[in-house]
Structures are given as C-alpha cells and as structure tokens.
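Engineer: here you go, sequence then predicted model.
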Protein chains: 4
Amino acid sequence: MAAPPGVDQIRMSPRIPSPGMRAPQRRRGHERVAALLSAASSCFVEKGYDAATMTEIAARAGASIGSLYQFFPTKEALAEALIADHAEALYGHMERLVVQTPGWSSDELAARLIRTFADYRRRHPSFVVLVEAGGSLPSMLGRTIRHRIRDYLSQILAIHAPALAAGDLRPAAMVVQQLMKAAVALHNEQPASLRQAAQTQLRSALALYLKDLAEQRQPTA
Amino acid sequence: MAAPPGVDQIRMSPRIPSPGMRAPQRRRGHERVAALLSAASSCFVEKGYDAATMTEIAARAGASIGSLYQFFPTKEALAEALIADHAEALYGHMERLVVQTPGWSSDELAARLIRTFADYRRRHPSFVVLVEAGGSLPSMLGRTIRHRIRDYLSQILAIHAPALAAGDLRPAAMVVQQLMKAAVALHNEQPASLRQAAQTQLRSALALYLKDLAEQRQPTA
Amino acid sequence: MAAPPGVDQIRMSPRIPSPGMRAPQRRRGHERVAALLSAASSCFVEKGYDAATMTEIAARAGASIGSLYQFFPTKEALAEALIADHAEALYGHMERLVVQTPGWSSDELAARLIRTFADYRRRHPSFVVLVEAGGSLPSMLGRTIRHRIRDYLSQILAIHAPALAAGDLRPAAMVVQQLMKAAVALHNEQPASLRQAAQTQLRSALALYLKDLAEQRQPTA
Amino acid sequence: MAAPPGVDQIRMSPRIPSPGMRAPQRRRGHERVAALLSAASSCFVEKGYDAATMTEIAARAGASIGSLYQFFPTKEALAEALIADHAEALYGHMERLVVQTPGWSSDELAARLIRTFADYRRRHPSFVVLVEAGGSLPSMLGRTIRHRIRDYLSQILAIHAPALAAGDLRPAAMVVQQLMKAAVALHNEQPASLRQAAQTQLRSALALYLKDLAEQRQPTA
DNA sequence: TATGAATGAGGTTTCATTCAT
DNA sequence: TATGAATGAAACCTCATTCAT
C-alpha cells in the first residue's frame, strides 16, 4: 500500500470539483486530472510551491501546458485542489479517531494520534509543503483546515478529558495540534534510529499531557 | 524596548562578515549594510523568501540595486547574512539559559525556555521565515543552526535531568526543540486571549515532560 | 543569388535541431525559428557575439523575447544553432571539392579552394564571427568544425599530392586551412582593387605551395 | 628572459603616455601603471576584452578601482594603452628586420619573418586578443597598426624582390601579413609535434612565395 | 478538446563609471 | 592621491498565463 516515493496518494475516484477547477467530463479527463495532480504533487514536494513551474508539471504528467490550464485555471487553483484532496483524507482520519477515542487510555490515544499524523505526512508529503507555503500561496484554505483539525482535536479532548473546563478545550487542542506538527517534522530527521527515539519521546510527552488533562479537576467531581 | 513591527533587530556594530558577503570598510558602508539587512528582514517577513525581491529590498533601504549587490552578491548571501546574525543572538540566549539552568525547577525551566523562544521570535521574525524557507533557499545554515540549538538543549537537559540515560539526551532535546517551535508558532494565533491560554497549556505540557525526565531512573540512585 | 548584406542564408526547410535547442513542431514555429536565426545572424555580424543582445535579436525578428527563449534557451544555444547550420553547408561544399579534386591542376585547385571559402564567407558572415568569438562563447563546436574541415583538406591533399608522406598530410592541411582563413580575411579589405590584387597574390602563393607538394618525392617513384 | 605565463612583457621604463591616459607623476605611479597594465593583459588574455572587468583588473594589480580609473579613464583607454605598448615593440622588431633583409635568401627571410611573429605572439599574447576583439572595442588603433606593419612588409619586399612591379608591392605585403597571422594562429595548435610540423610547412610555403616574387620579371632586366 | 506558440512584465545580476572622503 | 561606496542602465532569463490552430 506504499505510495511511490514523492508521489502523494490522490484520489482517482470521481472528485468533488474544487472551486476554480472545471470538472472533467469523461473518463479520459479523469485520468488526465489524476496525472496532473500527481505530477503537481511531486513537483511541489521537490521544489516547493514557488519554484515548481506549471510547464514542468504539465510535462511530468505527459500533458501540454494548455491541457493543464484547461483543468486548473491558475497555479493557485492547482495547489488548492491538491490541498482540498489531501484535507478530505485527513478529515476522514480524524473522524475515525473521534469515534475510537472513548475506548483509549492516554497512552493509546497519544500513540494513535502521532501515528495517524506521521503516516499521513508520509503519504501526503505535498500537503505539508503547500500548507506551510509562505506568502506566495495566498490561499485561505490552510487556515480553514487548521481550524477544522483543531475542532476534531477539541472533540477528542472533550471525550478523553470530560472534566476539562470548556474554556481550556481549544487551547489544549492547539497544543495537541502543535505536537502533531512536531511528529510530522520529526519524520525528516536522520538517522532513523534517532528519529524513532525522538518519536518515542514525543509520544511520551503527549501521553503525559493527555493524562494530566484527563485527571484535571476530577477530584472536584 | 520593543522593535517596530516587522523589523528585526540587526546589529549595527561592526559585523563579522558572513561568507559570501563583502565586508564594508568605511563608516558609510556599515550604515548601508545595516539598512539593507533591516530592509531585507522586513521584506522577507512580509512576503517570504521567494516573493521578496532584491529590487524592493534595495528601494526600502533607500539604496540602489547596485549598492545592495556591492555587499551581498546574491539573494542567498543576503538571507544567510541575516540568518547568521540572528543565529548569533540566539546562541547568546541559549548560553545564558545553560548557565542559569542549575537553579531552576521544571516549571521554571519550562517557563524560561518558552519565554526565551517566544520573545526571540517576536524580535527576529525573519529568522523563522528564512530558516523554514523551502527548497528555494538551498542554504545549509538552517541545518547547522538547528543542530547547534539542539546541542544547547542537550546541555540543559543533562543539567536538569542528570540521571537521564546518555542515549536519551538527544531525542529528548529534539522533542524540546519541537516544543519551542510550537511556542514560536503559537505567537501567530489570534485572538490574544486564546494565544495566551494556549501558551499556558504548552508551558504545562513542557513542564510535565521535563519533570518526567528529571525523575526518571532516580529511584536507582 | 546574392543574399541581402549582413543576412546569412539560413535553411528554412525543417532543420535538425541542434543540441540545446527546442524543436518547433508547428508551421508557425518553423517560420519563427528561421526569422530568429536570421535576425541573430545579422546582429552577431554587426556587433559581435558579446555585444549582440537577445532583446535586439528578438525585436529584429519581430518576436517577443519570450518567443526567442522558447526555442533557444540561452544565447549560447542560439549561436551554436547558427554555427551548426553554417557548418553543415560548409561540409557540403567541402565534399563537392573532394570529389572534383582529381581533375584539377594546382592552379585550378588553388582557385577553387579560395573561391569556395571566399564565397562562403560572403554568404555566411556570421559563421566567421561566431567561430572566432573569444572566451565569451565557450562552445566546443568551433574546434570540432575546424578539425573536420582539416580532414576534408587532408583528403584533398592526399588526392592532389599522392606522393606526399602520410605524416606531412595533416601539417600541410593545416597550412592550407590557414591560407583559406587568409582568403576570408582579405574579403574585408578596402578598396576593392587592392582586395582583388591581394586575392590574386594569395591564389598564386597557394598554387605554388600545392605544386610543390604535388611534386615532392615524385622522383622517388 | 621568459615572461611569466599569461603576463605580457610591458615596458616598465618611462612610457610615452597614450592619448586618454593621464601621465603618472612619480616613481610610485610608474609601478602602479605597470602593475595595472600587467593585470589588464592577463585578464584580457584569459577572458577576452568583453568579459574582463575593470574591477578584477584593479584587484589583480592590488589596486583599487578608483586607482585604475585615475590612470585609465575608460576600459577602452586601458586596452589602447596596452595595444600601443605592444605595437611599439612590434615596430622595433620590424625595423630590425628591414635593416637585415638585404643579406637574406628567401628561405632565410621566411624563417626570420615567421620566427619574429611567432615569438612576438608568445611574448605579447594580449596583443592578439585585443587587436582581434570584435565590435566591442571600437578602436581604430588595430587598423592603423595593421597598415603600418604592412608598410614595413612592403619595404622588406621592395628590398627582397626589387624587380617587383610597384603596384604588386602592397598586395604581396598583404599576403605576407596574412601568412604571419597564420604563423601566430598555429601557435595554439596541439600537440607540439603537429604544431612544429605545420610551422615548417608554413615556412616552406612562405619561402616559395618569396622566391617567386624575387624571381618575377627578372628575365626582363 | 488538445496542443504548442506567444507574450511581456519582472526577476536577478553585472559592470563601467562617478563620487565623496 | 587613493580608496571604496554608489549608481543605474541594461543584460540574460523565467514563467504564469493567453491564444490560435
């Protein structure tokens, strides 16, 4: 189930057309779009949003530049289509986590959260690149997604630490979110042994924090 | 003592020229270099490394494009000079922290670490932009600095958690480093009340982790 | 059949794309490429390789600068495409000379050689400029072509002076090649009467040399 | 007596100031000028007239750019000063040849001519570069020098071939001049064995031509 | 629809030359 | 006089985007 390196897993099934993207009408069109998104993804990962060029993306997809613009009217639209695709997948993961949270200890929850995000980042490397892309990609999508992820995390925390004051929910979710980013960032570290040790440590830090949240104010009850 | 928004604090005293930068030799030159670095810093912060243009940087510094290139032969050299300057300041902070660590509890250490990094990021916003800049800024400096910061954190942990197994030192330092990045990232969040609550939570998470490290294996003693 | 002054004769038929040049694929593209090569040729002749600018070449061809770079990714590639075209023509002339050599006296051979080169230079003025261009055009093509021309001359000499020692063939060819360069250079001289007289003299010098080569060691036979 | 490679032999003795060059007033100035000319010479040889930069020339001479412009108000003036110096040396050689011509056979004359020019080019490599420099160096000096050399050659031919019709003198001188250029060009050829063989051949061609000139119309007398 | 050609503003960088100290 | 800073026109080249076939 591993993706070829540098190529994100993009849904090839009929997609909800993102805004700014013309919906392909036929089978042939779908293949094109998938190839274009895949090419875009690997370009963005390898060179970053700014340095990736529409011409090269088209070439890598075996398409002409005109063809690329037929489906994605701007570079930004292309990036946003990718982000939207990736976000959809991430939302799915989060929803599954929310459902499963009730049965988990802090240790288990910590492990699942970190594994989910680390795996996601391995499978969707371009997501990170695009969401972190500086002022050059002036999309609001990143912000929206971050907030939605934060919502999922809030739900999870509400389940895991039911006694937590309502006002502490979002700040805690923000911290957990940052720890997820950390888990993702650690994936770049070399050598592998160090990376794994660090990930173990991070899991431990997260577990401690989650346990603390879960125990908070419970004596009050 | 706060810097004007978007303008990093740049040393105006005679600088150690970074590699690739031509050193000014007259007073006029030093002033120019300071103005150029300051202009560069704000441009990079506002637009990111790629989108910032040499032309605008020169204009903002009230200099001609030729003047800019007199001292910084490439855009990359300019960015690296900035990074090097900022890194020097950061090293200074870290050294002070190392010295002070012995007297601190986990709570105090967590608070100091987070405050140091959050303040630093407020004073040197361009540092973050440049160190995180993607493939477009192909400098190795970021890597070097990250490793050196990690060294400082290892020292701090060795003092704070003397019983920690030597092999766990660096992984733990990596985790702390990621938490510092988190503290820095939280500085962008709005509104302020949420940001402060999140920072409190982060401090708590870090304190828990540090305490856990400090207590580890101590029963053995 | 004379070309307009300063404009080389460029093949308008589908060209073999030189290395580094993107091949046009539509009719419009072929016309563009021909216009661009022609404009480049006259610019190079008038100003030399260094002083000719891509901007002016594009303008002279009635194309935008982007169009120029679409087909020739660098100034050097443009020059090399020109050189390669011209070289092809020159090789054709040389092959015809080789075939005809057997029937000629030294006087005739001298006249034909000189006429061939002088005519060629009148029709392909940019060839000379580009092949002699100094370090600024770091192409290896010039070298290659020079050697190949020398090979043709060696063949001609082997036919014309069959008794010549094999080891003397290439040195003699080099001398003949230099005399060809001289014939080409004389084309710049003014006034015309002087030029013609000089060319007559040069023909005579070449004829003497060829005759001497042809007679060499023949008593041995 | 060999010059360091790549550095022309420039007169260090008080020089006749070229037009456009301010005469240095004192000893110190002379050294400066000599260093600057030497640096310029090697730069021009290595990179060609266009690619050589005033900044690098100054740096190589251990001088500041301001200092360079103190003595040579433009790049062109610098090149012309160099040319003028070299030309002076060449004129000296030619004058000595003229004086010695009467005693020489055609073979000897050919050998002497070729040796003179080949040696000269080895000692003054920048002369060739500058005189051949294309439209970028719009000096008339090259033309003037070429004509003066042609005059010397005419004198030599008048002595060596006294029966030659007056109208044939200059055309013949032009041909000899081209052969000298050939001798100079052959100096670049590799390997050395081939170069020497070619030079022998060239000497033979020149000798044949000179002998022919000398014998011409003599039966008439 | 698909393709490749066309566009041109704008980016980085160079360098001869001038100027102020 | 000597130095290094300042200048800015202009060079090469890129690339998102549009157009014509």
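Structural biologist: Looks like it arrived, so ask away. This structure is a prediction, so every number in the text was calculated from the model and none was measured.
Engineer: quick check: mean pLDDT across stretch A:42-58?
Structural biologist: When pLDDT is averaged over stretch A:42-58, the result is 95.
Engineer: with just CA atoms, put it into PDB.
Structural biologist: As requested, the backbone C-alpha atoms of stretch A:42-58 are provided in PDB (Å, rounded to 0.1, in the frame of the first residue of the first chain):
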ATOM      1  CA  SER A  42       5.800  15.600  -6.800                       C
ATOM      2  CA  CYS A  43       6.900  18.900  -8.200                       C
ATOM      3  CA  PHE A  44       5.700  20.900  -5.200                       C
ATOM      4  CA  VAL A  45       7.400  18.400  -2.900                       C
ATOM      5  CA  GLU A  46      10.700  18.500  -4.700                       C
ATOM      6  CA  LYS A  47      10.900  22.200  -5.400                       C
ATOM      7  CA  GLY A  48       8.400  24.000  -3.200                       C
ATOM      8  CA  TYR A  49       5.400  25.900  -4.300                       C
ATOM      9  CA  ASP A  50       7.200  28.900  -5.800                       C
ATOM     10  CA  ALA A  51      10.000  27.000  -7.600                       C
ATOM     11  CA  ALA A  52       7.600  24.500  -9.200                       C
ATOM     12  CA  THR A  53       6.600  25.600 -12.700                       C
ATOM     13  CA  MET A  54       3.400  24.900 -14.500                       C
ATOM     14  CA  THR A  55       5.400  23.900 -17.500                       C
ATOM     15  CA  GLU A  56       7.200  21.200 -15.700                       C
ATOM     16  CA  ILE A  57       4.100  19.900 -14.000                       C
ATOM     17  CA  ALA A  58       2.400  19.500 -17.400                       C
END
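Engineer: would you mind giving the domain segments of chain A?
Structural biologist: Residue ranges for the domains of chain A, per automatic domain parsing: A:27-76, A:82-220.
Engineer: can you list the residues of chain A near DNA strand E?
Structural biologist: A:25, A:28-29, A:32, A:63-67, A:69-70 (Cβ under 7 Å from any atom of the strand). C-beta: built from backbone N, CA, C; applies to glycine.
Engineer: among the domains of chain A, which is nearest DNA strand F?
Structural biologist: Nearest to DNA strand F among the domains of chain A is domain A:27-76 (3.5 Å), distances taken as Cβ to the nearest atom of the strand.
Engineer: when you scan the closest one, is anything in it near DNA strand F?
Structural biologist: Yes - against DNA strand F, domain A:27-76 shows contacts by Cβ under 7 Å from any atom of the strand at A:51-55, A:65-66, A:69, A:73-76.
Engineer: what about those residues, which one has the most neighbours?
Structural biologist: Neighbours here are counted as other Cβ atoms under 10 Å in any protein chain shown. On that basis the top member of the residues of domain A:27-76 next to DNA strand F is A:Ala52, with 25 neighbours.
Engineer: which intervals of chain A have sub-threshold pLDDT?
Structural biologist: Screening chain A residue by residue with the criterion pLDDT under 70, one finds the ranges A:1-27, A:217-221.
Engineer: again, only this time at 50
Structural biologist: Screening chain A residue by residue with the criterion pLDDT under 50, one finds the ranges A:1-4, A:219-221.
Engineer: in it, which residue sits nearest chain D?
Structural biologist: Among the residues of chain A, A:Ala51 lies closest to chain D, at 29.4 Å counting by Cβ to the nearest Cβ.
Engineer: for that residue, list the residues it contacts.
Structural biologist: Contacts for A:Ala51 were tallied using Cβ atoms under 8 Å, 6 or more residues apart in numbering or on different chains; they are B:50, B:134-136.
Engineer: residue ranges of the helices in chain A, please?
Structural biologist: A:27-51, A:54-60, A:65-71, A:75-100, A:106-123, A:125-132, A:141-160, A:166-186, A:192-215 (DSSP state H).
Engineer: which other helices and strands contact the fifth one?
Structural biologist: Going back to what we said before, that points to helix A:106-123. Applying 3 or more Cβ pairs under 8 Å, 6 or more residues apart in numbering or on different chains; DSSP states H and E, one finds that helix A:106-123 makes contact with helix A:75-100, helix A:125-132, helix A:141-160, helix A:166-186, helix A:192-215.
Engineer: the last one close to chain B?
Structural biologist: Yes - Helix A:192-215 comes into contact with chain B (Cβ under 8 Å from any Cβ of the partner chain), by way of A:194, A:197-198, A:200-202, A:204-205, A:208-209, A:212.
Engineer: elements contacting that helix?
Structural biologist: Using 3+ Cβ pairs under 8 Å, 6+ apart as the contact test, the elements touching helix A:192-215 are helix A:106-123, helix A:141-160, helix A:166-186, helix B:166-186, helix B:192-215.
Engineer: going by neighbour count, list what's buried in that helix.
Structural biologist: Residues A:195, A:197-199, A:201-214 are the ones in helix A:192-215 that count as buried (16 or more other Cβ atoms under 10 Å in any protein chain shown).
Engineer: equivalent analysis for the third one, please.
Structural biologist: Neighbour-count burial for helix A:141-160 flags A:141-142, A:145, A:149-150, A:152-160 (criterion: 16+ other Cβ under 10 Å).
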